[in-house]
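[1] sequence and computational prediction follow.
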Amino acid sequence: MLKTRRLRLSKGSPRNAWPSSLYWGSAGTPRDFCSGACTDSLGPSDHDRATAALTERVALGTKSAILQVSPVEHFEDYGPNVDVLRTWVVWDDGTLLALRDIYSKVSREEAYRLWSLLCDQITLAAAMPYGLRVEPGTNPKLGCWGPRPELLNQGVDDDSATALMIGIAIDTQLALQRPNPKLVVLAVRSAVVAALRTWIGAAPDPAPRISAN
């Protein structure tokens, strides 16, 4: 039982926004993409976490974090042919993981490369169960959450500050098949785990986990 992007942007710029259905705000209410410091709570709501289709603890060097993937959902503003799901990784204190947590001295260029790798892997994984040909930047399309507020306040303005919470929208009109939603969830999970392993492998000295609170 399941319980357990290429977004090419100029370096350091905020990632594309999606309609509010993909985003969480305080108490789980939708909010717009936050391109600067967020004033509301940053992360999935308690309901999102409790109703995740998949929850798994993943090892990150000497630490571990919690990976979750939402069920495949549908939203009126996307239309009946678009499948939407979300994934996020949080530390035990509920703070969303950022690359800088595990690679403290990552350069702007390397942060961009590692985040692009993550988005590429998620895009390919989300398309595969449907037999879809990836249309870069169009289908599947990703929406990233933006920088973690406390890292932004510390002057970190590159991809290493981006919170690992991603929305995925898949237009299924050209799909060769309609997969079991559990297979889509598992594919996204595997892509995130593979990318995190690359992140850990790239860090010469993984940073100690410091609470954002």
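    Arrived safely, thanks for sending.
[2] longest strand in this protein, by number of residues?
    Longest strand of the chain, by residue count under DSSP state E: strand 82-90.
[3] pull the distance from the lowest-mean-pLDDT helix or strand in the chain to the chain's centre.
    When each helix and strand of the chain is scored by mean pLDDT, DSSP states H and E, strand 141-144 comes last, with a mean of 90. Centroid separation for strand 141-144 versus its chain: 8 Å, with C-alpha atoms, centre = their mean, to the nearest Å.
[4] so for the next helix or strand after it, mean pLDDT?
    Following strand 141-144 in sequence order, the next helix or strand is helix 149-153 (DSSP states H and E). For helix 149-153, mean pLDDT rounds to 93.
[5] give the next helix or strand downstream of helix 149-153.
    strand 165-171.
[6] which residues touch that next one?
    Here strand 165-171 makes contact (C-beta atoms under 8 Å, 6 or more residues apart in numbering) with 5, 18, 22-24, 43-44, 78, 81-89, 96, 119, 122, 126-127, 130, 132, 139-145, 184, 188. The way it works is simple: take the backbone N, C-alpha and C, and place the C-beta from them, glycine included.
[7] from residue 143, how far off is the residue located most distally from the centre of the chain?
    Here the centre of the chain is the reference, and by C-alpha atoms, centre = their mean the most remote residue is residue 176, at 25.7 Å. Counting by C-beta to C-beta, to the nearest Å, the gap from residue 176 to residue 143 is 25 Å.
[8] whichever helix or strand residue 186 is part of to strand 165-171, inter-axis angle?
    In the assignment (DSSP H and E), residue 186 maps to helix 181-202. Using axes from the mean of the first three to the mean of the last three C-alpha atoms, to 10 degrees, the direction of helix 181-202 lies 140 degrees away from that of strand 165-171.
[9] for helix 181-202, what is the average pLDDT?
    Helix 181-202 comes out with an average pLDDT of 96.
[10] poorly predicted segments of this protein, please.
    Scanning the chain for pLDDT under 70 picks out 1-42, 205-213.
[11] let's see 90
    Flagging of the chain using pLDDT under 90 yields the residue ranges 1-43, 45, 61-63, 77-78, 136-137, 144-146, 204-213.
[12] re the thing from before, which SS class is the residue farthest from the centre of the chain?
    coil (DSSP: H, G, I helix; E, B strand; the rest coil).
[13] wait, residue 192 touches residue 68, no?
    No. Using C-beta atoms under 8 Å, residue 192 is not in contact with residue 68; the gap is 9.8 Å.
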